[in-house]
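# Provided below for reference: sequence and predicted model.
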Amino acid sequence: MAQMLSISRAAHLIGVTRGALQKRIREGELASFDGTVTTEELLRLYPDLDLEESGGFEHVTQIKEKAFAKRVRERMLPSQEVLAQRLFFQSEELADLRRHLSHYHNLVLALSERLAAMSLAHPSEPLRELATTLDAGLARVLGSDDKTDTLAVMDDVMRVMSARITVKPSGGEFVLQGPETVLEAALRSGHAPSYGCGNGNCGLCKARVVSGELRQVRPFDYPLSSAEKAQNYALLCCNTAVTDLVVEMIEAESPGDIPEQHIAAKVKSVTAAGTDTLVLHVQTPRSSRLRFMAGQSVSLGVAGGTADFQGDYAIASCSCDDRNLLFHVPREEGNEFAVRLFAGAIRGGDSISVWGPWGDFVLKKDSTRATLFLACDTGFAPVKSLIEHALAVEAAESIALYWTATRADGHYLENHCRAWADVLDDFSYHPLTAPDESAAGTEAARTAISDLADVAERDVYIAGPEAFVQSARAALLATGLLDSQLIVVTL
Ligand code: FES
């Protein structure tokens, strides 16, 4: 029997991105009703779907296989209590279904007996035909090896392993996996909820649960008032979802919705990514996480003897990466912060101040267009953050990255990009080189224009030095792209 699935759950089940499924809906290839699709429709569109090879099944299989390793089990599986509660809810559904089935079964038997009795009492050809047709129809339905049933069973398994969260009023959706809190799942999925400490102290992640069951998995100190408790308010950072949830949640719509923060953090490590590029890993304290949108920048400050040294850098990590902030710092002679970092004067364990976030180089909200990223040297840092965010929200139909290097170690994280291209169907990576920043912009834009037939349909993100951004922008506008399609940041 066909079952309704949300777009997110359907994509999860068959192992494609939400963006890929939405594209097929937009193009009229897949019928959807109120944000849902039927298992029948899915199998019509993916007739060769091998459930054992599909993403959803693979995911569940991986979970099962790895379930024997305690550490992995703790990370991948919901807690025993949550699993038990989910199974309890499903067993209630099953019992309800059984009651209904039993009624229908008795009804069919009674109908069949009645027909047989009528045939005996009043033998006639139409009655015999009706009885035969009924028997054949029942045999066909009961004996069918329907793939939609298998999809529905897979969906039931996924519902035990994960929970779907629907956000009000935005209508967004995400899946909570394993032992995640609702806040962790929201951030991992690319949402921008309100939060602060991440551990139950500040109350900023407070949200109203409209429907569904939560389970507290962390202690918290923030005092929810009795009125808030009565209205079903809960802290998203301290609760996981036992069932699918509908949650009224405050989300940042744009960078302007995120307050400026000042956080006293620690340097976790400084590692060389190339001869002239360092990756600076900063970790915020457990009690205070930086709230930002992927692609934004911050100011960093360290004390050095009698003076303080500051640098402005784009965050190269995703807001889903817990307390970790990564920065790509190029060697720059006139920049004292960079000079000290390259000289080894800033080390793991040192205190570092983080101010921000700032900047509006963020993904266009709700855009499902294909994207084109143009980066030059360490302009890759905010682009990496945006790509990770785009992959998390699964919205873009396809992603093309053109990364132009103007110096020897300009492609300092090339393996990272190649890994994306290897793993993702709709991701292409194009490393380029150029003698200077201006030529780099022209080269990146012209190559992308000649490679991609649909450049005019894409959202284009450009990050790098001023000369790179200006030349790339000019080349793109000259081909008829609209200025509104370009999102740029100069570094
Ligand atoms: S209480 Fe601070 S983020 Fe949840």
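Noted; the coordinates are in hand.

# element containing Leu130, please.
Assessed by DSSP states H and E, Leu130 sits inside helix 125-143.

# for that helix, buried residues please.
Buried residues in helix 125-143, defined by neighbour count with 16 or more other Cβ atoms under 10 Å: 127, 131. In short, each C-beta sits where N, CA and C put it, glycine included.

# cool, and stretch 480-489?
Buried residues in stretch 480-489 (16+ other Cβ under 10 Å): 481, 485-489.

# give the other helices and strands that the strand or helix carrying Arg340 contacts.
Arg340 belongs to helix 336-342 when assigned by DSSP H and E. Taking 3 or more Cβ pairs under 8 Å, 6 or more residues apart in numbering; DSSP states H and E as contact, the helices and strands that helix 336-342 lies on are strand 277-283, strand 297-304, strand 307-314, strand 324-330.

# circling back: can you spell out which helices and strands pack onto the helix holding Leu130?
helix 80-121.

# residues of the stretch 151-300 of the chain that sit close to the ligand?
195-198, 200-205, 222, 235, 237 (Cβ under 6 Å from any ligand atom).

# neighbouring contacts of the helix holding Leu130?
Residues from elsewhere that reach helix 125-143 (Cβ atoms under 8 Å, 6 or more residues apart in numbering): 108, 111-112, 115-116, 118-119.

# next up, the contacts around Val489.
Taking Cβ under 8 Å, 6+ apart, one finds 295, 297, 314, 359, 361, 379, 382, 462-463, 469 in contact with Val489.

# count of residues packed around the closest residue to it other than its chain neighbours?
Of all residues not flanking Val489 in the chain, Phe361 sits nearest, at 3.7 Å (Cβ to Cβ, 6 or more residues apart in numbering). When neighbours are counted by other Cβ atoms under 10 Å, Phe361 registers 23.

# pretty sure Pro193 contacts Leu183?
Yes - in this structure, Pro193 is within contact of Leu183 by Cβ atoms under 8 Å, at 6.4 Å.

# more crowded one of these two?
Leu183 (25 against 21).

# mind putting the contacts of Val489 into JSON lines with distance to Gln3 and pLDDT?
Output for these, formatted as JSON lines (distance: Cβ to Cβ, whole Å; pLDDT from 0 to 100):
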{"residue": "Gly295", "distance to Gln3": "38", "pLDDT": "96"}
{"residue": "Ser297", "distance to Gln3": "46", "pLDDT": "97"}
{"residue": "Ala314", "distance to Gln3": "44", "pLDDT": "98"}
{"residue": "Gly359", "distance to Gln3": "44", "pLDDT": "96"}
{"residue": "Phe361", "distance to Gln3": "41", "pLDDT": "96"}
{"residue": "Gly379", "distance to Gln3": "46", "pLDDT": "97"}
{"residue": "Pro382", "distance to Gln3": "41", "pLDDT": "97"}
{"residue": "Ile462", "distance to Gln3": "44", "pLDDT": "98"}
{"residue": "Ala463", "distance to Gln3": "44", "pLDDT": "98"}
{"residue": "Val469", "distance to Gln3": "49", "pLDDT": "98"}
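
# among those, name the ones in strands.
297, 314, 462-463 (DSSP state E).

# which of those sit farthest apart?
Ser297 and Ile462 (15.1 Å; Cβ to Cβ).

# higher neighbour count, the two?
Between Ser297 and Ile462, counted using other Cβ under 10 Å, Ile462 has the larger neighbour count: 28 against 21.

# pretty sure the more buried one is touching Leu374, no?
Yes - under the criterion of Cβ under 8 Å, Ile462 makes contact with Leu374 at 4.7 Å.

# find the residues that touch each one of the two.
In contact with both Ile462 and Leu374: 441, 472, using Cβ under 8 Å, 6+ apart.

# so how far is stretch 371-381 off the chain centroid?
The chain centre lies 21 Å from the centre of stretch 371-381; the measure is Cα atoms, centre = their mean, to the nearest Å.

# what's the first-to-last distance across it?
Terminal residues of stretch 371-381 are spaced 17 Å apart (Cα to Cα, to the nearest Å).

# how much space between the nearest residue to Pro169 once chain neighbours are set aside and the ligand?
Excluding the flanking residues, the one nearest Pro169 by Cβ to Cβ, 6+ apart is Glu248, at 7.3 Å. Glu248 is 15 Å from the ligand, where distance means Cβ to the nearest ligand atom, to the nearest Å.

# before we move on, what about His12?
26 Å.

# how about Gly349?
The value you get for Gly349 to the ligand, if Cβ to the nearest ligand atom is used, is 26 Å.

# my guess is that residue meets Lys266, correct?
Yes - contact criterion Cβ under 8 Å: Gly349 and Lys266 qualify, at 6.4 Å.

# which of those two has more neighbours?
Lys266 (15 against 8).

# hey, what's the residue lying closest to the more buried one once chain neighbours are set aside bridged with?
Spatially, and ignoring its direct neighbours in sequence, Lys266 is nearest to Gln283 (5.5 Å; Cβ to Cβ, 6+ apart). Beta-bridge pairing for Gln283 (DSSP bridges): Lys266, Asn324.

# just to revisit the earlier point, so what sits against both of Pro193 and Leu183?
Common contacts of Pro193 and Leu183 (Cβ under 8 Å, 6+ apart): 205, 236.

# of the ones in strands among the contacts of Val489, just say which sits nearest to the ligand.
Ser297 (22.8 Å; Cβ to the nearest ligand atom).

# next up, the contacts around the closest one.
312-315, 356-359, 361, 382, 489.

# hmm, which of those residues are the buried ones?
The neighbour-count test (16+ other Cβ under 10 Å) marks 313-315, 356-357, 359, 361, 382, 489 as buried among these.

# which of the residues you listed sit farthest apart?
Maximum distance among these (Cβ to Cβ): 13.6 Å, for Gly356 and Val489.

# sec struct for the residue nearest to Ala338 when sequence neighbours are not counted, please.
Spatially, and ignoring its direct neighbours in sequence, Ala338 is nearest to Glu332 (4.6 Å; Cβ to Cβ, 6+ apart). Look at Glu332: counting by DSSP: H, G, I helix; E, B strand; the rest coil, its state is coil.

# distance of Glu332 from the ligand?
36 Å.

# tell me where the stretch 101-250 of the chain has helices.
Using DSSP state H, counting those that start in this stretch, the helices of the stretch 101-250 of the chain run over residues 125-143, 147-161, 182-188, 226-230.

# same for the third one, what does it pack against?
Same thing as helix 182-188. Using 3+ Cβ pairs under 8 Å, 6+ apart, helix 182-188 is in contact with strand 162-168, strand 173-177, strand 239-241.

# relative to the shortest one, what are the paired strands and their orientations?
Same thing as strand 239-241. In its sheet, and by DSSP bridges, strand 239-241 pairs with strand 214-216 (antiparallel).

# also the first one?
The partner list of strand 162-168 in its sheet, established with DSSP bridges, is strand 173-177 (antiparallel), strand 245-248 (parallel).

# wait, doesn't Ala316 sit right on Lys384?
Yes - between Ala316 and Lys384 there is a contact at 5.0 Å, judged by Cβ under 8 Å.
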